[in-house]
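Q: need a structure here:
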Amino acid sequence: MNILSIQSHVAFGHVGNASAVFPMQRLGVEVWPIHTVQFSNHTGYGAWKGRVFDGPAIEELMEGIAARGVLPACNGVLSGYMGSADIGNAILGAVKQVRAANPAALYCCDPVIGDVGRGVFVRPGIPEFMREHAVPAADIITPNQFELDYLSGLTTSTNESVKVAVNNVRKLGPKVVLVTSVHTRETPAEAIDLVVGEAGRCWRVRTPKLSVSVNGAGDAIAALFFVHYLKSRSAAQALGEAAASTYGLLKRTADAGSREILTVAAQDEFVAPTTRFAVEEI
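A: Down below sits the predicted model:
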């Protein structure tokens with residue numbers, strides 16, 4: 001299996017491609033990473049070095065990959081944070097190239113817009129680009145609850161409202177919607193939910209809430225879910241696998257008190273999760 005992953009990258013730590021690529025490789029996937037930025041570390045440290053690439057840089061790399069004649073063997077495209085509409089258009093152009101070479105290839109978009117407590121944190125115009133262009137082009141999207149609310153135009157506070165929002169967003173184009181970091185009135189205070197919707201049905205996995213605040217977890221779960229979905233073509237099965245691995249990764253990180261997720265140290269969690277959780281239809 002081959003996946004083209006177009007995301008940001010850091011030299012130190014694990015966010016963007018630095019968080020997504022290794023878990024996919026550990027699951028036996030060949031990953032072709034294209035970096036939209038290359039920074040020394042994630043911006044949460046307050047200081048970093050590096051540069052942001054532009055749309056033409058991505059298009060140039062795609063030309064080189066296409067020239068190798070390998071696009072028919074590409075099974076999917078994964079994208080995360082888009083720093084500008086210019087980069088977003090280049091990513092969607094790459095998706096079109098891959099689909100032209102392999103119509104069976106899927107596109108998984110993590111529509112990074114913002115988060116609960118922080119609000120929108122991307123540049124002006126990006127939320128609209130996500131809703132109007134990236135999400136309709138995607139087969140799978142992996143928003144958090146804040147992003148689900150933005151994309152659906154609803155406020156989700158119950159399981160039923162999450163289901164309605166998921167089905168509303170599916171009408172925009174994607175067949176599968178994985179919602180991370182879900183907390184409704186039915187969610188216990190000590191827990192957190194993940195919900196996935198496919199073909200009008202929704203499933204939930206509930207895991208203990210961990211005392212950990214790190215960047216890159218969303219990038220990891222999007223990558224894990226995408227790989228498991230490509231292998232199984234079952235949203236419920238992919239949800240169970242991705243939730244178990246991500247929980248194991250974050251628990252190892254929390255137990256170590258690390259500011260960076262322990263992607264390498266916890267790598268066995270990607271192939272043989274320590275703890276599994278029930279997948280329940282809601």
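Q: which element is Val179 on?
A: Under the assignment given by DSSP states H and E, the secondary-structure element containing Val179 is strand 176-182.
Q: Output that strand as PDB - backbone C-alpha positions only.
A: The C-alpha trace of strand 176-182 is given here as PDB (Å, rounded to 0.1, in the frame of the first residue of the first chain):
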ATOM      1  CA  VAL A 176     -16.800   8.900   6.100                       C
ATOM      2  CA  VAL A 177     -16.600  11.500   9.000                       C
ATOM      3  CA  LEU A 178     -14.400  10.700  12.000                       C
ATOM      4  CA  VAL A 179     -14.900  13.200  14.800                       C
ATOM      5  CA  THR A 180     -12.200  13.400  17.500                       C
ATOM      6  CA  SER A 181     -12.300  14.900  21.000                       C
ATOM      7  CA  VAL A 182     -16.000  14.600  21.400                       C
END
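Q: outside of stretch 200-211, which residues touch it?
A: The set of residues external to stretch 200-211 that reach it, using Cβ atoms under 8 Å, 6 or more residues apart in numbering, is 159, 162-163, 166-167, 182, 187-196, 235-236, 239-240, 243, 247, 250-251, 254, 277-282. (Glycine included, C-beta is placed from N, CA and C.)
Q: Check stretch 134-145 too.
A: Here stretch 134-145 has contacts from 79, 82, 88, 91-92, 95, 106-111, 113, 115-116, 151, 156, 162, 169, 172-183, 218, 221-222, 225-226, 229, using Cβ under 8 Å, 6+ apart.
Q: Quick one: buried ones out of those?
A: Neighbour counting over the contacts of stretch 134-145 (16 or more other Cβ atoms under 10 Å) leaves 79, 82, 88, 91-92, 95, 106-111, 113, 151, 156, 162, 169, 172, 174, 176-183, 218, 221-222, 225-226, 229 as the buried ones.
Q: What about those residues, which are in strands?
A: Within the buried ones among the contacts of stretch 134-145, membership in strands is found for Ser79, Leu106, Tyr107, Cys108, Cys109, Val176, Val177, Leu178, Val179, Thr180, Ser181, Val182, as judged by DSSP state E.
Q: can you put those in TSV and add pLDDT and distance to Gln7?
A: Below are those laid out as TSV (pLDDT from 0 to 100; distance: Cβ to Cβ, whole Å):
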residue	pLDDT	distance to Gln7
Ser79	98	6
Leu106	98	16
Tyr107	98	13
Cys108	98	11
Cys109	98	11
Val176	98	19
Val177	98	20
Leu178	98	17
Val179	98	20
Thr180	96	16
Ser181	94	19
Val182	96	23
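Q: buried residues in the longest helix anywhere in the chain?
A: When every helix of the chain is counted residue by residue (DSSP state H), the longest turns out to be helix 235-256. Neighbour counts over helix 235-256 (16+ other Cβ under 10 Å) mark 235-254 as buried.
Q: same thing with stretch 7-23?
A: Residues of stretch 7-23 classed as buried under the neighbour-count rule (16+ other Cβ under 10 Å) are 7-10, 13-23.
Q: Lovely, talk soon.
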